[in-house]
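A.B. asks: Please work out how this folds:
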Amino acid sequence: MITATEFPQPAASVSATAAAASPVLRLTDIEKVYQTKTIETLALHRVNLTINRGEFVSIMGPSGCGKSTLLSLMGLLDEPTSGTIEVDGRAVTSFSDRELAGLRNLKIGFVFQSYHLINDLSVVDNVELPLLYRLGLGGRERRQRALAALDKVGLSARTGHFPGQLSGGQRQRVAIARALAGDPEIILADEPTGNLDSVMGEEIIELLLELNREQGVTIVMVTHDLQQALKTQRVIRFFDGSQVG
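C.D. replies: Take a look at the predicted model:
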């Protein structure tokens, strides 16, 4: 196993939850191969990675090095060619599509570079939308969760607005609220500041840091920005599908 590069941070930046260091996600000997009739591409090679509850981890590397593939595997959106993925100690590699969908809905929140908001829905309806697939949640509880999540990201005054009426930074906050509404154990963020200017990008990183420090949210973030990555507790570098020291 290749040890990931770590950047020590001041003790105040490390969440109390992370100190408990209990694994929420573990990847063991992961290989991912994409194959066509004529080409075989090795996207990930012997990846061994553990994410502990309460950590904020950054993943860095050049374009095409396997970062997005890794995030898709972590989010149970794709399957490895070989190796084992565990969520809360449960190996999920052999789960059915339905079981994986249920586990994603309960355990994992996603934040994307391009927000993926529905323009015809209000802010609160966008945040509430994934909860429609959560069994046992009534309409009142869904709305309460959505409003509480929007309050956490500082958008209580924008619940009735539509995405087109918001700035890029505000739309990304809505996307983060949508991820938080399901009370996930881990948030996977794929270049969450990639479409934002430096000021808005800094606001989003500070928000994620606050959610990690104050509420113990576990976050894995893919980023190209070294300065943002250095603010997190651990930086994992990838090159040509492998972790590098």
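
A.B. asks: Helices of the protein, residue ranges please.
C.D. replies: 16-20, 67-74, 97-107, 123-128, 139-152, 168-181, 198-215, 226-229 (DSSP state H).

A.B. asks: so which of those helices comes closest to Glu191?
C.D. replies: helix 67-74 (8.8 Å; CB to CB). No exception for glycine: its C-beta is placed from N, CA and C like everyone else's.

A.B. asks: What is the closest one packed up against?
C.D. replies: strand 23-35, strand 40-52, strand 56-60, strand 186-190, strand 218-222 (3 or more CB pairs under 8 Å, 6 or more residues apart in numbering; DSSP states H and E).

A.B. asks: ok now do the residue positioned nearest the centre of the chain, which residues does it touch?
C.D. replies: By CA atoms, centre = their mean, the chain has its centre lying nearest to Leu188, at 0.7 Å. Contacts of Leu188 were listed using CB atoms under 8 Å, 6 or more residues apart in numbering, and they are 71, 74-75, 108-111, 219-220.

A.B. asks: Please repeat the previous calculation with a cut-off of 10 Å.
C.D. replies: 25, 51, 59, 70-72, 74-77, 108-112, 179, 218-222 (CB atoms under 10 Å, 6 or more residues apart in numbering).

A.B. asks: could you flag which of the residues you listed are buried?
C.D. replies: 25, 51, 59, 70-72, 74-76, 108-112, 179, 218-222 (16 or more other CB atoms under 10 Å).

A.B. asks: Looking at per-residue confidence, what score does the residue lying closest to Gly241 once chain neighbours are set aside get?
C.D. replies: Spatial nearest neighbour of Gly241, excluding adjacent residues (CB to CB, 6 or more residues apart in numbering): Gly66 at 4.2 Å. Model confidence at Gly66, expressed as pLDDT, equals 89.

A.B. asks: My guess is Gly66 contacts Arg46. True?
C.D. replies: No - counting by CB atoms under 10 Å, Gly66 does not reach Arg46; the two are 11.6 Å apart.

A.B. asks: Report the outermost residue of this protein with respect to its centre.
C.D. replies: Going by CA atoms, centre = their mean, the residue of the chain most distant from its centre is Thr38, 33.4 Å out.

A.B. asks: Torsion angles phi and psi at that one?
C.D. replies: Here is the backbone geometry of Thr38 (degrees, to the nearest 10): phi -120, psi -20.
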